[in-house]
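A.B. asks: Provide a 3D model corresponding to the input given below.
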Amino acid sequence: MATPSSSVPHFSGTFILGTTNTLTLTDLITTGYTAWGTPTKAVFSVVDPDGLIIYQNTGYATSSFTSPDFNSASSLWTVTGIVLPLDANGTAVKRGTYTFHGLYSIGGVVVLVTKTYDFQYASPVVEINLSANCRTSELTSIDSTDYTYLGANTIPLTTTLSRVHTITKPAGSSANAPGATTTTTITDTRVIGGGITAATRLWTRTWQTNIVTTLQYDLEAWGIYNWIVVQDVVYGDDYIDVQCSDCACVLNTCWENLILRWKEAEENHAINVNDLRYKIALGAALWTDFYNLERCGESTAPVCIEIRDLLNSTDCSCLTDDDTVSKVIVPWGAGSTGSSASTFAFTTSASNPTGGSGHAGDKHINTTTWHLWDNIAGTWTDVGKIQGADGADGSSASTKVIFYNNSGSVGTSAGTSLELLDEKLFATPILYALGDCIYVKEVFELGLNDNGKTASMYLNGTSIASHFTDTAVNATNNIVTIEAWINIIDTNVQRIETLVTRGGNGYPGWVNGAFVTATGITVKAYGQNSVALANDIVCRLLKVEVKNQI
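C.D. replies: As a prediction, the model looks like this:
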């Protein structure tokens, strides 16, 4: 039987940082020592960077194994709780070279193993980026910490982490409690709000983020083993005082009163009409400035005060904008979720809207009676009939408009084939005279990832416009709009203008069409995934307006 040498034993040193700041020694071979005989015992001495002994078994100096640190007879292979020295500030474990002496007795043969490690580890500083988007009523919390440890210019053999990302809503708000999520990715982004109800939207006042990340770095190899390990827990917290102003809600009545007074002055040729015109123009400019500042996340308070002063000058008493109470933020543009893809909705059906449906600002047309309904503060109000009497027959042209507006929100399945998400057939004889025009709009919502995905508009089975992306999709560029204007210029001849818009960028184009219109034109919305992920593309809207010369 071979005699064991100092190259046989292997142990690890785990630096456990945070609240404990201790060292754990663990044997890496355990039962493997039986090849050299039994039993196996070991005693240790550990010396810090200043040459001070921070741990030493009582039997180490005399080569006694009476009370060993490791003992195969009792399956004892770990020493825990060795207190590590702190730096001069008393806040971090002392850096420098640690020396480990392991005295092993293997089958009666005593061998000494000495290992050194230059400990230069520094805990990552948790970096949190908090931002609020008043336009979409959303809060974004990002853990942007660099968890890549490069101590002593050495890339760690393995890095693992477990992060608890907690978001706390403002006191007094009725928002859903976001709570905590656990992730294991290097970066983590959470988006709160953007819904269609008060509970699922962002509220003003202080939102807090707390991140607790448990880390483990395997820093140095010893043969086939990792022998130096660092376990750490790092903490970070941040807050944002969301001050998306409710100025528009507070001052809305006064603004409407000013508009009414201006209209009455114009009709009656009042002497103060010029003054009111000026205030209307100035107010419109101030409101534009207000919304631009809010959209860009900048302070709107000074502009709101200017608007309040302007409206007060028209003998209208405005309410006080009390920003000490948490209030819901109503989005005024596209959000990152389908439920908030639009602040207001325009719907049609063959009946009147039912009580309890819709939201303030929504519009509805009864296509049987052609009455327009307006949702005012949650209550549907009949505005009146929008369809006039039939015009007289004659050779002069008039315009007939046919609407199709569907928001079925159909998404792709977990596949990669081309999938039909929505379609509408417009058959003869309502179309296709010289001068007719068909306007088509399709709105797609893309999944927030970097999967390849294609949204397309088809006419009679032919793609006329599409958009493909395989770059990262985020909350500001996840909506794709495809529009087409089909102009009838001759029999079975069309000139088609197209516009693809995404994230504020437009891509215009045009094609010549040669669609045979005898059996009609079918408008279709398609989606195709590159990665088999359900609902990676969702068709939120298919809208068609047909204008005929009759």
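A.B. asks: which parts of the stretch 401-550 of the chain are strands?
C.D. replies: Under the criterion DSSP state E, counting those that start in this stretch, the stretch 401-550 of the chain carries strands at the ranges 410-411, 419-426, 437-446, 453-459, 462-469, 479-490, 493-502, 505-513, 521-529, 537-549.
A.B. asks: now tabulate those strands in TSV and tack on distance to residue 189, mean neighbour count and mean pLDDT.
C.D. replies: Backbone N, C-alpha and C define where each C-beta goes, glycine included. Below are the strands of the stretch 401-550 of the chain laid out as TSV (distance: least, C-beta to C-beta, whole Å; neighbours: other C-beta atoms under 10 Å; pLDDT from 0 to 100):
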stretch	distance to residue 189	mean neighbour count	mean pLDDT
strand 410-411	22	20	92
strand 419-426	27	16	87
strand 437-446	16	22	89
strand 453-459	19	23	93
strand 462-469	18	17	92
strand 479-490	18	19	88
strand 493-502	20	18	88
strand 505-513	22	13	84
strand 521-529	22	22	91
strand 537-549	20	20	82
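A.B. asks: redo these as CSV? Include distance to residue 105.
C.D. replies: Putting the strands of the stretch 401-550 of the chain into CSV (distance: least, C-beta to C-beta, whole Å) gives the following:
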stretch, distance to residue 105
strand 410-411, 67
strand 419-426, 70
strand 437-446, 66
strand 453-459, 65
strand 462-469, 65
strand 479-490, 71
strand 493-502, 71
strand 505-513, 73
strand 521-529, 63
strand 537-549, 67
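A.B. asks: of all the ones you listed, which lies closest to residue 308?
C.D. replies: Closest approach to residue 308 among the strands of the stretch 401-550 of the chain is made by strand 479-490 (33.7 Å; C-beta to C-beta).
A.B. asks: got the angle for the closest one vs strand 437-446?
C.D. replies: Strand 479-490 and strand 437-446 meet at an angle of 160 degrees, taking axes from the mean of the first three to the mean of the last three C-alpha atoms, to 10 degrees as the criterion.
A.B. asks: secondary structure element holding residue 61?
C.D. replies: Under the criterion DSSP states H and E, no helix or strand holds residue 61.
A.B. asks: swap in residue 310?
C.D. replies: Residue 310 belongs to helix 301-312, assigned by DSSP H and E.
A.B. asks: tell me the helix or strand right after that helix.
C.D. replies: Following helix 301-312 in sequence order, the next helix or strand is strand 346-349 (DSSP H and E).
A.B. asks: next SSE downstream of that following strand?
C.D. replies: Proceeding N to C from strand 346-349, the next assigned helix or strand is strand 363-366, under DSSP H and E.
A.B. asks: avg pLDDT for that following strand?
C.D. replies: Mean pLDDT, strand 363-366: 81.
A.B. asks: so which bits of whichever helix or strand comes after that strand are buried?
C.D. replies: Using DSSP H and E, the helix or strand that follows strand 363-366 in sequence is strand 371-376. For strand 371-376, burial by neighbour count (16 or more other C-beta atoms under 10 Å) applies to 371-375.
A.B. asks: same check, this time on stretch 129-143
C.D. replies: 130, 132-143.
A.B. asks: need the residues you listed in a markdown table (columns: secondary structure).
C.D. replies: Shown next, in a markdown table, are those (DSSP: H, G, I helix; E, B strand; the rest coil):
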| residue | secondary structure |
| --- | --- |
| 130 | strand |
| 132 | strand |
| 133 | strand |
| 134 | coil |
| 135 | coil |
| 136 | coil |
| 137 | coil |
| 138 | strand |
| 139 | strand |
| 140 | strand |
| 141 | strand |
| 142 | strand |
| 143 | strand |
